[in-house]
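Trainee: A predicted structure for the sequence below; I have some questions about it.
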Amino acid sequence: MKIINCPVNGARPLQEFAYGGPFRDMPDPATASDAEWGDYVFNRDGAPGVKREWWYHLASGVWFVAERDTLRDRFLKTYLYDAGDQAND
Amino acid sequence: MTDVPARLPARSGEWIDRDRVVEFRFEGQVYRGYAGDTVTSALVAAGRRTLGRSFKYHRQRGVLSLANHDVNVMVDDGQRTNLRADVLPISAGLELQAVNTKGGLTGDRHRHINRMAKLLPVGFYYKTFHRPRRLFPFWERRIRALAGLGTIKRDAPRVETPKRYDFCDVLVIGAGPTGLSAALAAANNGAQVVIADENARAGGSLTHQWAGDAEAVEIRERLLSAVDAHENIDLRTGTTAAGYYADNWVALVDDIRLSKMRAGQVIVASGCFEQPAVFHGNDLPGVMLGSGAQRLLHRYAVRPFQRAVILAANSDAYRLALDLVAAGIEVATIADLRTEGETGPLAERVTAEGVVVRRGCGVYEAHADKNGELSGVVVAPVTAEGEFDLGRQESISCDGLLMSVGWTPAANLLYQAGTKMDYADAVQQFVPAELPDNVHAAGRVNGVHDLRQQLADGERAGLAASLALGLYSGEVPEQPRHEGGSPNHPYPIFDHPKGKNFVDFDEDLQLKDLLNACQEGFDNIELMKRYSTVGMGPSQGKHSNMNAVRILARHRGQSIMATGTTTARPYFHPVPLKLLAGRSFNPERRTSLHEWHRAADARFVHVGDWLRPEVYGAADTNRPLNELVLKEVTAVRRAVGLIDVGTLGKLDIRGPDAAEFLERIYTGRFSNVKHGRMTLALRCDESGVVTDDGIAARFAGDHFYVTASTTRSGAVLQDMQHWLMRWGLDATVVNATGHFAAMNLAGPYSRHVLAELTSADISDDSLPFGGVATATVAGVPARLMRVGFVGELGFEIHVPAQFGPAVWERVMAAGKQFDICPFGVEAQRILRLEKGIPIVGQDSDGLTNPFEMDMGWALAMSKPFFIGQRSLQILQRRGAERVLAGFSLPRDGNAAQVRESHLVIRDGEIVGRVTSVAYSPTLDRIIGLAYVAPAQNLPESTVKIRADGGVLRSATVERLPFYDPDDLAQAGVASLQEVS
């Protein structure tokens, strides 16, 4: 069973966490075409590789970002999301 | 059987205690051995050679490896089955039978199958018994009766087994010279080390292969005493590292428990399995692996035969020869497959003992005597291609034939950990090429076969692990390189016109079976395994997989690397199910009112983790359940009822941005909700699918109290926390689900009841439908909400959980004059269905949008943003493809019943399904909700529903709600009836 390093609680076993989907940019709903919006809502990149993902520590309610290599099954990095850093969002 | 003819005089390092004689029974006969003996060693010491029967052909089998993966001999002790006799300790009173015989080992009535082997090629059953089809069940029964090993004892006592969570800095797998040396290196740097070894005692190859070498014995004693004395080392023998899981989580299995070991570093020093050669008669009792014979000699002081021939392809064979000679066994010949043979001091010592060595020779065939046990071999020169020169053959009589032709790494856990393995030509074996982080390999599993090099490699791994732990900062030496000839023969496999040259002893597979599989097109290692079943027996190919790979590689004319190996999966060794089984753990949540419900004879139903009363008085067996439910429904409609709704998700949202936050999360308007009012809180996901609903009550400008459905409150909270963070809004969400007890007081007299318990003004003017207030109820601070979920005048009363029971009792007492009736979720389901209120999750599915549920009114599409809005704009343009409609049927006990999930059929096509259906006592007909085509949603028209038994029934479409379409009852303006 994997160990995930929660930025707040430290190393904890996988079963204390929930996967929250890929870290994605939401297109501007006002300007996105139906096709662009549909692509955002329904399409995910399933190819293995390094992914940016949302993870949630169930016991403490902490959301954080993880960079994970899904090909090698490794968590590379975990960190808290900075709402001020909207450039990536 | 009082004498022990094959037992040697006492020797140092033996595992038996000669002062303690142990008596046991095998196949009905009494045997004696010493404490420390295994079943096999005791039986061999008593002169037995045939110990078991093989799986398919019921051939006689004896000792193979004696290394815990020897499945030639499996026994049953009356409670447990398929016990491996090679490692099962004898104990007083043990009564054993060999498995897989009919009528006992000697007279096994299935032994004739051996003579039919020619008629039973690989794939025989697949090809033969499926035609004609009608006879298959007959054959299936016959084959099933023959197949399988062992018998499950259904009356075996139930044994509860413990589990353990365990932690260490370094886990060393294998307590041989490499593992001990690695453990000491790590422990000396301060690491907490656990060593796990499947054997009864530590020492590994130092207790068999090297046990005849005085210097090696000295090393063994030095290592063992150092490990024993080291306070950082926990040595666990009789413990199998059964599986490797992510991030160094290793399952350690011993006799009584499964330990879930989480290790900082894992050092795999698991060594090798010696491999058999494949030749005619290689499975006869008396033919065994060299290391198997050495285990018998050194651990149990048992001499398994008098006169031996050794089939050799490495130096280990020569050390074996010296051990045999020292034990008083005559070594008739060493047939060395290598044309160059063995050189050096070891070879000289063997020659000096007068042992004949025939270089470039192999065993063409082994012969059995009339008892079916080894009596002699034919040795002849053989080329590298496996061609025997039978003109120069020599028949040698012997009762022991030792195979010492090579090893294969016990790399199962390394594979499970994701190690990339390469085939190394220098040692003719797979060795780790790329190891995962925090995993190390050392010793023979790493291709290091020389004892001194193994010690050095162990130390290297121990230092590397210490370095990774930050306990060591010095140099880590290079891995030692193998010198000299390969310890492993590249192809110890020999054809024979009469076959019986077994590749897999577990499954009785001969060389021709694998070649046939290749010829039939199963010439990929994974396909060959599945078609031929090679490696699928109890030892999981530990003595057959490598030879199968070699056979396939040669057949296809490709390298071993290109051929590959099968996938190694946990478990490494069979694990009794009792060790895996756990006590069932089903966490259950109860509201603070649970005890009251129980006392009122409630029948409970699981809703998510929660237990909720389904109906009260259910133990009254004289009354059908349905009648109890209808009584509750009627009480709510005519007078007043009380239901525990404490399981609802309750979220307190506070902060200056609380309203803005809800605007974005939910579909409706919140900024304009006045203090003391509430509104529907409908949630969609980004694709516009309805995910939950509840109410949002505004108690202050910056304080909303939101409910979520019982089973989804966790997900709602999680999602809210996510978006709150993403948007950076100034608000907090607190999960208050457990903080509050909640009850819904509903019915025409609910205000009368509540008025007796509070001095607050709960009149229609102060607390209208949709109003909320804080008030003191029964002396307790409460949040009051004027709701109408069941379609009657109703109040939700939320109080701190600890006061729940007291308030509930007071409400019940105050309602007594109106015959208040507690009601359960089943009555609530009917009540809300009468009111035509859809339940998210019951009347919607993972694709339902609000337009399909006729909830477009709840969408504030003109808001700047809410989750799902953009998708809903698209869906709104497209129009709904199905809509949720009400329908009714007359109550008819003889007609086919309509149930939930029954299909709505239109012109032979499925257009929807029934989502809710129940008998309404209020309306005296069957009512329900179903998805229908939008064009069908015309009141008083009919739709067809495929009911029980496929019968099409016509249902009448009705306008919703079924009950009280003008909402008079929930507004509290319906006339009150006299309470009887």
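Mentor: All right, it came through fine.
Trainee: CA atoms for contacts and neighbours, from now on please.
Mentor: Noted.
Trainee: And for the spatially closest residue to residue B:245 that is not a sequence neighbour, the neighbour number?
Mentor: Distance criterion Cα to Cα, 6 or more residues apart in numbering or on different chains; nearest residue to residue B:245, sequence neighbours excluded, is residue A:1 at 5.8 Å. Burial of residue A:1 is recorded as 14 neighbouring residues (other Cα atoms under 10 Å in any protein chain shown).
Trainee: now do residue B:241
Mentor: Count around residue B:241 with other Cα under 10 Å applied: 29.
Trainee: That one - that's part of a strand, no?
Mentor: Yes - counting by DSSP: H, G, I helix; E, B strand; the rest coil, residue B:241 is found in a strand.
Trainee: Isn't it up against residue B:575?
Mentor: No - contact criterion Cα atoms under 8 Å: residue B:241 and residue B:575 do not qualify, at 10.6 Å.
Trainee: Now do the shared contacts for those two.
Mentor: Residues touching both residue B:241 and residue B:575 (Cα atoms under 8 Å, 6 or more residues apart in numbering or on different chains) are residue B:253.
Trainee: what about the helices in the stretch 801-950 of chain B?
Mentor: With DSSP state H, counting those that start in this stretch as the definition, the stretch 801-950 of chain B shows helices at residue ranges B:804-814, B:825-834, B:869-878.
Trainee: same thing with chain A?
Mentor: Secondary structure of chain A (DSSP state H): helices at A:34-42.
Trainee: Give me the domain ranges for chain B.
Mentor: According to automatic domain parsing, chain B comprises the domains B:1-153, B:163-273+B:409-469, B:276-405, B:496-579, B:596-647+B:739-837, B:649-736+B:845-875, B:881-980.
Trainee: In JSON lines, list the ones you listed along with distance to residue A:60 and mean pLDDT.
Mentor: Listed next are the domains of chain B as JSON lines, based on distance: least, Cα to Cα, whole Å; pLDDT from 0 to 100:
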{"stretch": "domain B:1-153", "distance to residue A:60": "45", "mean pLDDT": "87"}
{"stretch": "domain B:163-273+B:409-469", "distance to residue A:60": "22", "mean pLDDT": "97"}
{"stretch": "domain B:276-405", "distance to residue A:60": "55", "mean pLDDT": "96"}
{"stretch": "domain B:496-579", "distance to residue A:60": "32", "mean pLDDT": "93"}
{"stretch": "domain B:596-647+B:739-837", "distance to residue A:60": "17", "mean pLDDT": "94"}
{"stretch": "domain B:649-736+B:845-875", "distance to residue A:60": "10", "mean pLDDT": "95"}
{"stretch": "domain B:881-980", "distance to residue A:60": "37", "mean pLDDT": "90"}
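Trainee: now those as a markdown table including distance to residue A:14?
Mentor: Below are these laid out as a markdown table (distance: least, Cα to Cα, whole Å):
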| stretch | distance to residue A:14 |
| --- | --- |
| domain B:1-153 | 33 |
| domain B:163-273+B:409-469 | 10 |
| domain B:276-405 | 42 |
| domain B:496-579 | 20 |
| domain B:596-647+B:739-837 | 21 |
| domain B:649-736+B:845-875 | 17 |
| domain B:881-980 | 36 |
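Trainee: Tell me the residues on chain A that lie near chain B, please.
Mentor: Within chain A, the positions adjacent to chain B are A:1-3, A:29, A:34, A:37-38, A:41-42, A:56, A:61, A:63, A:81, A:83-84 by Cα under 8 Å from any Cα of the partner chain.
Trainee: Quick one, which of these are buried?
Mentor: Buried by 16 or more other Cα atoms under 10 Å in any protein chain shown: A:2-3, A:29, A:37-38, A:41, A:56, A:63, A:81, out of the residues of chain A next to chain B.
Trainee: export those to JSON lines and tack on pLDDT?
Mentor: Formatted as JSON lines, these follow (pLDDT from 0 to 100):
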{"residue": "A:2", "pLDDT": "91"}
{"residue": "A:3", "pLDDT": "93"}
{"residue": "A:29", "pLDDT": "95"}
{"residue": "A:37", "pLDDT": "97"}
{"residue": "A:38", "pLDDT": "96"}
{"residue": "A:41", "pLDDT": "96"}
{"residue": "A:56", "pLDDT": "97"}
{"residue": "A:63", "pLDDT": "96"}
{"residue": "A:81", "pLDDT": "93"}
